[in-house]
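# With the input below, show me the fold.
(2 chains)
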Amino acid sequence: MMARVTLVGALTVAAVAAVYGVVPRPLGAAFVLAFLLAIPGLAWMSWLDDLSIAETCVVAVGFSLALDIVVGCLLVFGVWSPPVGFAALVAATAAGVLCTRRRDEGG
Amino acid sequence: MTTLQTGPRPAETATVPIGQADLLPALLPLFGALASWAACLRTIDPGALSDLGLASVLPAAAWLPSLLLSVGFFFVLCRQPGRVWLPGLYLVALAVVLHATPAIDYGTLRYPWAWKHLGIIDYIQRHGAVDRATPILTAYHNWPGFFAAAAFIADLAGIRDLASPVRWAPLVLNLLYLAALPLLYRAFTDDHRTILGAAWVFLAGNWVGQDYFSPQGVCFFFYLLLIGLCLRFLARDPAPAVAESGRLSQALAALAQWSARSLPGSSALPSGAMRAIVTATALLLIVAMTVSHQLTPLVAISALGALVALQIMTPGLFLFAGVVVAFWILYVAAPFVAVVLPVEIRDIGVSAGQLSGNLADLAVLSSGQVLVSLVCRLLTVGIALAAVVGGLRRRAAGYRDGVAAALTIAPLPLIAVTSYGGEIMFRVYLFALPFLAFFAAALVFPSPQRGNSVAALLAAALLGFILAVAFVFANNGKDRQYAFASEDVAAVQWLYDNAPQGTLIVEGASLYPSLFRNVEHVTPVAIADEPAESRAELLANPASVLARWLDNDDYSAAFIILTRNQEAYVNAMGIMPGGGFEKIKQALLSSPRFRLVHASGGTMIFALNPAVRGMGEWIE
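Take a look at the predicted model:
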C-alpha cells in the first residue's frame, strides 16, 4: 500500500514539476508520459485485491488511457486546454489515493 | 474471484519447487534467440524489399530466433510449471522479435494511415478543435477521442515530432494485449499452459495490421480489458431455468446453465466499493471506445449482449453502451452520419453477400502478393480450424465453453451492418482472435491432464514456429507498400513545407506518408482511386490529362507526387497494368509542360512549368 502511494505521489509531483518547466527534457517528458499513461489508474487500483501485479498495472494503464481520451475529447464540446485537463487528472489521482487510503485504513 | 471454468481443475503444479540449476537451461533458448535476432538486424536491407515484403530481405538465420523462442517457450511451459513468469518472458521476446524488427530496420513510421492520424493530431494542436464537417478525413474528426488524447499528451510532454516515437506503437500495443489476455482467459481456465499457449497463438495470429498507431489499436486493448473485467468481476450466476417465465427466457436460462455449468456460487466482489470501481472502469472504457472508433463499440455491444443473453451479466452495461453509442452517432457525429447513414442502410446485408468478391483478386496480383495473400488466408483458416478441433477436445474433456464460444461469434453481426466490404472479415477475425486463440491452444492443452508428453511438446513447438513464420509473411508481406524510406519521407515533408493553403496534390496512390501536417491546406486526388475510365484516359495521354488537372484556378498551387511505394502498390494490385505508373513518370519527365521540382530517394514531385501555365490545351 505504502509503496503504491509513494510511487503515485512521487510521479505525480514529478509530472507537475515537468509540466511547469521545473524538470528539463527529456526527463520531464518521461515523467509526464509515465503519469498520463498509468498513474491515475494506479491511484484507484488498490481496490482490486484479486488482481496480480501485472493485471493491476494493465488495468491501471487502460483506466489512465481511457481517462486521457475522455478529458481530451472535451474539445468536441469546445473545451480544449491541456493544462486544465492535466489539473483534472491530478485531481482524479489525488481522489483515488485518498479514497483507497481511507478504505485501507478502515480495514 | 469469478471463473467460468467448468470441468476438471488443473493439478496444483504451480507450487512445485524448482531448483536454480534448472533456470539456466530454461533461459538459454531465450538468450540465444535474442542474440541471433540482434545479429540479424544489421544484415537486413529494407531497400531491397520485394513483393514478399520483409521476408524477402531476411537472411536464413533470421528465422532462428522464432524457432528458439518456440522450442524454449513450450519447454518451460510444460516442463517448468513452477515459474509462470518464464514463459511470460518468452512471450515478451516474441513480441519484440515480431514487432521491433520493422521499427528498427525501416526507421520510419510504417503504414500510410498512421501518417494521416498524425495530421489530425496536428490539426487539434493548432486549432484546439475538430471540424466535423470537413470533407477530408471526416470520420476522424467525428470520432476524435484517440487523436485528442494524443494531442493532449504530446502537448503536455512537449513532444514536437510524434512520427518517430509512435513507430513503436505495434510493439507497445501487443505488449498491452499480452498483459490483458490472461485477465480474460483466467475466467475460462486455471491451466496456465492453455492461458499462455493462447497468448502465443494470439501474438502470431494477430497479422491483420490494426495494431499500429490508430484508434482501433488502442480500442482493441480497451475491448479486451472490458470483457476481462466483466467476466472476472461483474459476472453473476445464471438464473435457474425453472424460475423464468416465457419460452424465450426459459430457453436462454437453459442455454446459460448449459454453457456455464458448475459456475462458482457467488461472483459478487467482496465489497461494494470494489464493485463500484470496476463498474466505473468499465463505463470509462465504453465511453473512451465510443468517442474514438466507430466499429469497436459495436462489437462491445454485441459481446455484452451475448453475456447478458447467457445471463452472465445484468443488462446495465449493455444498455449503457447502447445509449452512449446512439448518443454519439445521432448527435455528436450527426454531420458525418447524415451523409453516410443512407448508404449504410442501403447496404445492410449487402456486405455479407460480397465477402468473397471483396477479397484480393489473385488473378491480378503479382506473384509475391499471391503468396502473401495465400499465407494470410491459410493462417486465418488454420487458426479457425485449430480452434474448432481444440473446442471439441475441451468438450470431450468435460468442459462447457459456451461463454468463450459466444464471444468468438459476437463480432459476426458486423458483417451485416457495416459496409466495409471484404475488409470487415479481417476485423471480425481480429475481434474473434482472442477466443479462437484460446480454443486453438486447447488443441494441445485441452485439459490439465493432457498435453504433457514429449510428442505434444514437440508438436506445440513446431506449430508455434510455423505460426511465427507465417506472421512475418502475413503482417509484413505488404511492407514494400507500407514501409517508407527516410529520403521519401523527407521529400513529402518538402512538399508540405512548400504547399500553401488551397494546394491540389495529385498522387499516384494514397499509399505514402501524406496528410500528416496542415491537412486542411491540401486537396489530395489519387490516380489509383479514380474510376477505371478516368484512369484509362490518363494512361492514354498522361502529360496532357495531368496538365489539364493541374491548370486549375480553383487551387493556389498544384503538384504531382509519384513515389516508389505508390508504384509498388499499383503494380502489385494490378491497378495500372502494362507499366502504367512508369509510363506516367516518363511522360512527366519528358514533357516541357512539367518541371521536376523535387526528387529524393524514390520520390518525384512535379509542378506545371509556369511558362506554359494558363495557355490552355496543347496540340500534340
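
# Every contact and neighbour count from this point should use C-alpha atoms.
OK.

# Enumerate the residues of chain B near chain A.
B:1, B:128-130, B:144-146, B:148-149, B:151-153, B:155-159, B:176, B:179-180, B:183, B:221-222, B:225, B:273-274, B:277-278, B:281, B:284-285, B:287-288, B:291-292 (C-alpha under 8 Å from any C-alpha of the partner chain).

# Which of those fall in helices?
B:145-146, B:148-149, B:151-153, B:155-157, B:176, B:179-180, B:183, B:221-222, B:225, B:273-274, B:277-278, B:281, B:284-285, B:287-288 (DSSP state H).

# follow-up on the earlier one: so among the residues of chain B next to chain A, which ones count as buried?
B:1, B:128-130, B:144-146, B:148-149, B:151-153, B:155-158, B:176, B:179-180, B:183, B:221-222, B:225, B:274, B:278, B:281, B:284-285, B:287-288, B:291-292 (16 or more other C-alpha atoms under 10 Å in any protein chain shown).

# which one is the closest residue to chain A within the stretch 301-450 of chain B nearest to, not counting chain neighbours?
Nearest to chain A, among the residues of the stretch 301-450 of chain B, is B:V332, at 8.1 Å (C-alpha to the nearest C-alpha). Ranked by C-alpha to C-alpha, 6 or more residues apart in numbering or on different chains and with sequence neighbours excluded, the top spatial neighbour of B:V332 is B:N142, at 7.2 Å.

# repeat for A:A54
Closest to A:A54 by C-alpha to C-alpha, 6+ apart is B:A179, at 6.8 Å.

# same thing with B:G305?
B:F318 (6.0 Å).

# Settle this for me: that neighbour is touching B:L304, isn't it.
Yes - assessed by C-alpha atoms under 8 Å, B:F318 is found in contact with B:L304 at 5.4 Å.

# Go through stretch B:550-560 and flag the buried ones.
Buried residues in stretch B:550-560, defined by neighbour count with 16+ other C-alpha under 10 Å: B:L550, B:D551, B:Y555, B:A557, B:A558, B:F559, B:I560.

# from those, which has minimum pLDDT?
pLDDT across these is lowest for B:D551, at 90.

# And it, how close does it get to B:V519?
22 Å (C-alpha to C-alpha, to the nearest Å).

# What of B:F435?
39 Å.

# So for those two, which sits in the more crowded spot?
Set B:F435 next to B:V519 and count neighbours by other C-alpha atoms under 10 Å in any protein chain shown: B:F435 wins out with 24 against 20.

# B:F220 and B:T296 touch, don't they?
Yes - counting by C-alpha under 8 Å, B:F220 touches B:T296, with 6.9 Å between them.

# Report the distance from the longest helix along chain B to the chain centre.
Scanning chain B for the helix with the most residues, using DSSP H, yields helix B:367-396. Centroid separation for helix B:367-396 versus its chain: 18 Å, with C-alpha atoms, centre = their mean, to the nearest Å.

# From the contact counts, what lies against it?
Counting contacts by 3 or more C-alpha pairs under 8 Å, 6 or more residues apart in numbering or on different chains; DSSP states H and E, helix B:367-396 packs against helix B:192-205, helix B:423-441, helix B:454-475.

# For stretch B:370-385, give the mean pLDDT please.
The average pLDDT within stretch B:370-385 is 95.

# how about the residues of chain A near chain B?
Contact residues, chain A versus chain B (C-alpha under 8 Å from any C-alpha): A:19, A:28-30, A:32-33, A:36, A:44, A:47-48, A:50, A:54-55, A:58-59, A:62-63, A:66-73, A:75-76, A:78, A:80-83, A:86.

# and residue 76, how many neighbours?
Went with chain A since none was named. 21.

# Hmm, no, I was thinking of chain B.
Counted by other C-alpha under 10 Å, the residues lying close to B:V76 total 25.

# Just the CA coordinates for stretch B:457-469, please, in PDB.
In PDB, the C-alpha atoms belonging to stretch B:457-469 read as follows (Å, rounded to 0.1, in the frame of the first residue of the first chain):
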ATOM      1  CA  LEU B 457       5.600 -30.600 -26.600                       C
ATOM      2  CA  LEU B 458       7.400 -31.100 -30.000                       C
ATOM      3  CA  ALA B 459       4.100 -30.700 -31.900                       C
ATOM      4  CA  ALA B 460       3.400 -27.500 -30.000                       C
ATOM      5  CA  ALA B 461       6.900 -26.100 -30.600                       C
ATOM      6  CA  LEU B 462       6.600 -26.900 -34.300                       C
ATOM      7  CA  LEU B 463       3.100 -25.300 -34.600                       C
ATOM      8  CA  GLY B 464       4.300 -22.200 -32.700                       C
ATOM      9  CA  PHE B 465       7.300 -21.800 -35.000                       C
ATOM     10  CA  ILE B 466       5.100 -22.200 -38.100                       C
ATOM     11  CA  LEU B 467       2.700 -19.600 -36.800                       C
ATOM     12  CA  ALA B 468       5.500 -17.100 -36.100                       C
ATOM     13  CA  VAL B 469       6.900 -17.600 -39.600                       C
END
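
# and the closest residue to B:P144 other than its chain neighbours, what is it in contact with?
Of all residues not flanking B:P144 in the chain, B:S292 sits nearest, at 5.6 Å (C-alpha to C-alpha, 6+ apart). With contacts defined as C-alpha atoms under 8 Å, 6 or more residues apart in numbering or on different chains, B:S292 is in contact with A:I69, B:W143, B:P144, B:G145, B:F146, B:F147, B:P215, B:Q216, B:C219.

# Thank you kindly, that will do.
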